[in-house]
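Only the shape, not the letters, is given here:
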RNA sequence: GGCUCGUUGGUCAAGUGGUCAAGACGCCGCCCUCUCAAGGCGGAAUCACGAGUUCAAUUCUCGUACGAGCUGCCA
């Protein structure tokens, strides 16, 4: 039989990374076996519905590459795929009534007040176990209540005796005492089904073979099993997934900055990297590979290798992985992502022509911009890292002349000043400021002088950047800045050092 | 409180009744090098605890501790 999985989100906002991973695994389980993946919208809680949330779901699935075979916008044989529409079609009420007829469910007319009185507080928590009061209502009274239009819910009738067992493909056999299971509400007083009921009915009606969901449903699954049995339906395969937590081992929160896919994208992460990283939280492949495209994942994903224990979402590793994706990107694509941040560093967001005028007044050619782009490719993990790394191109920072003194480079104020003073005329005479030409002329000077490279190159790089560390070295920076700006910065360096020496 | 699940370096994790207990991120060091990256090489760091079974337990069993989830007319 063909595998059918479904992703069944509630339209309540952005897609949490935990939900994203669930969707991904559902997708992979289906695709790995050449099965079908379905999108179903679970909007049975009208109060939690958020405007625009449906679009977020569509967009996120699109951006992550989770294409589905059937869904609200992709008609199939099991529609409609939105639960509120299925409510209108009367599907859930019909099935609930079947259970009532079988004695597996019953009408309940209990008021809020009565239910409230059933609550007890244990260890600071309010708990409530329904007492089956309405199960024993005489038929005539039920009918009279219904005729009178009294509000009602339909509850599942779970026996007090015995146990219920099911087998989860990850966690193994799980058994609970029936008396621990509450007579949960199936149909709410507004006529909508609860998640618990709609989920079971729809999964069955839509031919779902593998129910994949978060671990939080593990302990309520016995109730769903009882529902399947009450209907006389074959339960699907259950695959419960371990939790994803934050660094403190608590459920992911908005505060920790990694609550949703969209948040991460806004922070500069690539969808492919997010998907790749999330795939590895709670699952591992057979080999040591870690970088997987969606196609790779489909090929190697075996859900039996999903593990049981919760995983901490590690931003540091996500950043590393994102960096790996950036490094292996085609240049054109990389440029598309990175260019906005380059322009941002030069404070000319939006319309910059073929050249950029820096805050210091230098004019950088487009070739120079591309060179900066190139330098950054192996030096960033996310694109927003760019501006602060290249700000010195835009404006020479005020710096401490002590920076010229570097023990390992064997430089100090005196010999740095000497280097700058001696190379200045050389660089003034130099017309070609290409990398190779600069290299040749300065290396020539170094050779004649008979000193180590660092003695000359450290002060030069310091002078043209004003920073302790920079992407690229003196030659790269001078090539990008061009003759005029490079010389200006070297002269500033000489000035600073002269004050220092005297 | 009850029920359910979990526990291998800081993090993600592989793995098995007998292993020097993989690999990755991070960290540290070295190489390369004009700095920073990238790249290469190396290092520190793990089987929660206590019993039991066994010739042998990280692996199996039971307890304990800790963590998480559920205990909604939320999903």
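Sure, I can see it. This structure is a prediction, so every number in the text was calculated from the model and none was measured.

from here on, contacts and neighbour counts on C-alpha atoms
Will do.

Where does the prediction get shaky in chain A?
A:253-258, A:349-353 (pLDDT under 70).

can you tell me which helix in it is longest?
helix A:474-501 (DSSP state H).

Just the buried residues of that one, please?
A:474-483, A:485-487, A:489-491, A:493-494, A:496-497 (16 or more other C-alpha atoms under 10 Å).

What of stretch A:449-463?
Residues of stretch A:449-463 classed as buried: A:454, A:455, A:456, A:457, A:458, A:459, A:460, A:461, A:462, A:463 (neighbour count, 16+ other C-alpha under 10 Å).

what's the answer for stretch A:422-431, then?
Buried positions in stretch A:422-431, judged by neighbour count with 16+ other C-alpha under 10 Å: A:423, A:424, A:427.

Near RNA strand B, which residues of the stretch 51-200 of chain A? Just list them.
Residues of the stretch 51-200 of chain A lying near RNA strand B by C-alpha under 7 Å from any atom of the strand: A:109-112, A:122-123, A:125-129, A:152-153, A:171, A:173-177, A:180, A:184-185, A:187-190, A:193-196.

now, which of those residues lie within strands?
Judged by DSSP state E, strands contain the following of these: A:122, A:125, A:126, A:127, A:153, A:173, A:174, A:175, A:176, A:177, A:185, A:187.

could the residues you listed be laid out in a markdown table, adding neighbour count?
Listed next are these as a markdown table, based on neighbours: other C-alpha atoms under 10 Å:
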| residue | neighbour count |
| --- | --- |
| A:122 | 8 |
| A:125 | 9 |
| A:126 | 9 |
| A:127 | 12 |
| A:153 | 19 |
| A:173 | 10 |
| A:174 | 14 |
| A:175 | 13 |
| A:176 | 17 |
| A:177 | 14 |
| A:185 | 21 |
| A:187 | 24 |
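
Redo these as TSV? Include distance to residue A:98.
Putting these into TSV (distance: C-alpha to C-alpha, whole Å) gives the following:
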residue	distance to residue A:98
A:122	36
A:125	35
A:126	33
A:127	30
A:153	15
A:173	29
A:174	28
A:175	27
A:176	26
A:177	25
A:185	15
A:187	13
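
give me every residue that touches the most centrally placed residue in chain A.
For chain A, the residue nearest the mean C-alpha position is residue A:261 (3.6 Å; C-alpha atoms, centre = their mean). Residues in contact with residue A:261 (C-alpha atoms under 8 Å, 6 or more residues apart in numbering) are A:14, A:15, A:16, A:17, A:20, A:60, A:274.

For it, give its distance to residue A:270.
Distance of residue A:261 to residue A:270, computed by C-alpha to C-alpha, to the nearest Å: 10 Å.

if you look at stretch A:279-289, does any of it touch RNA strand B?
Yes - Stretch A:279-289 lies within reach of RNA strand B by C-alpha under 7 Å from any atom of the strand, at A:280, A:281, A:282, A:283, A:284, A:285, A:286, A:287, A:288, A:289.

Between the two ends of that stretch, what distance do you get?
Termini of stretch A:279-289 sit 12 Å apart (C-alpha to C-alpha).

ok, and for it, which residues are buried?
The neighbour-count check on stretch A:279-289 (16+ other C-alpha under 10 Å) flags A:279, A:280, A:281, A:282, A:283, A:284, A:285 as buried.

same thing with stretch A:194-205?
Buried residues in stretch A:194-205 (16+ other C-alpha under 10 Å): A:194, A:195, A:196, A:197, A:198, A:199, A:200, A:201, A:202, A:203, A:204.

Which single one of those is nearest to residue A:43?
Nearest to residue A:43, judged by C-alpha to C-alpha, of the buried residues of stretch A:194-205 is residue A:195 at 9.0 Å.

what does the stretch 301-450 of chain A put close to RNA strand B?
Proximity of the stretch 301-450 of chain A to RNA strand B, by C-alpha under 7 Å from any atom of the strand, involves residues A:305-314, A:316-318, A:320, A:378-380, A:409.

Counting only helices, which of those make the cut?
Counting by DSSP H, these place A:316, A:317, A:318, A:320 in helices.

and stretch A:30-41, does that touch RNA strand B?
No - Stretch A:30-41 is not in contact with RNA strand B by C-alpha under 7 Å from any atom of the strand; minimum separation 8.0 Å.
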